[in-house]
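1. predicted model and sequence below, questions to follow.
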Amino acid sequence: MSTQSVDINNLDTAQVKTFREFLANFNRVSEICFKSCVFDFTSQKVKAHEDKCTQICVEKYLKANQRVSQRFQEAQLQALAYSSTR
């Protein structure tokens with residue numbers, strides 16, 4: 001298994017911005033689902049219902065995020081079409 005190193009100085013600003021957005025989203029969904037699903041700190045092991053809850057939470061978050069992104073893209077296309085007819 002080979003590991004690749006990334007020279008941060010060679011990344012362009014768009015790549016850095018995209019990665020930062022990914023990390024922000026990851027942190028947001030992690031916090032939301034953790035707060036919603038994990039309540040018992042008496043064990044080191046993740047309980048089955050916590051695991052299931054987290055899976056459902058992440059899936060819902062990702063689907064909602066995808067749907068909002070699709071609607072936003074549709075609205076942008078409509079606005080572009082409207083502005084090009086004027």
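-> Thanks, I have it. Residues are numbered from 1 along each chain as shown.
2. for residue 56, the count of nearby residues, please.
-> 13 (other CB atoms under 10 Å). Backbone N, C-alpha and C define where each C-beta goes, glycine included.
3. again, but for residue 16
-> Around residue 16 there are 11 residues (other CB under 10 Å).
4. helix/strand/coil for it?
-> Three-state call for residue 16 (DSSP: H, G, I helix; E, B strand; the rest coil): helix.
5. that one and residue 10, how far apart?
-> Per CB to CB, to the nearest Å, residue 16 is found 11 Å from residue 10.
6. please apply the same query to residue 20.
-> Separation of residue 20 from residue 10 (CB to CB) stands at 17 Å.
7. of the two, who's got more company?
-> Counted by other CB under 10 Å, residue 20 and residue 10 do not tie: residue 20 has more neighbours, with 10 against 7.
8. neighbours of residue 33, how many?
-> 20.
9. which intervals of this structure have sub-threshold pLDDT?
-> 1-9 (pLDDT under 70).
10. which residue would you name as the spatial centre of it?
-> In the chain, the residue lying closest to the centroid (CA atoms, centre = their mean) is residue 25, at 3.9 Å.
11. how much space separates the closest residue in space to residue 38 that isn't next to it in sequence from residue 14?
-> Ranked by CB to CB, 6 or more residues apart in numbering and with sequence neighbours excluded, the top spatial neighbour of residue 38 is residue 50, at 5.3 Å. Distance of residue 50 to residue 14, computed by CB to CB: 37 Å.
12. who's more crowded, those two?
-> More crowded of residue 50 and residue 14, by other CB under 10 Å: residue 50, with 18 against 8.
13. hmm, who's touching stretch 58-67?
-> Residues outside stretch 58-67 that contact it (CB atoms under 8 Å, 6 or more residues apart in numbering) are 25, 29, 32-33.
14. pretty sure the residue nearest to residue 38 sits against residue 37.
-> Yes - Residue 50 is within contact range of residue 37, at 5.3 Å (criterion: CB atoms under 8 Å).
15. please point out which parts of whichever strand or helix holds residue 49 sit buried.
-> Assigned by DSSP states H and E, residue 49 belongs to helix 48-85. Neighbour-count burial for helix 48-85 flags 50, 53-54, 57, 61 (criterion: 16 or more other CB atoms under 10 Å).
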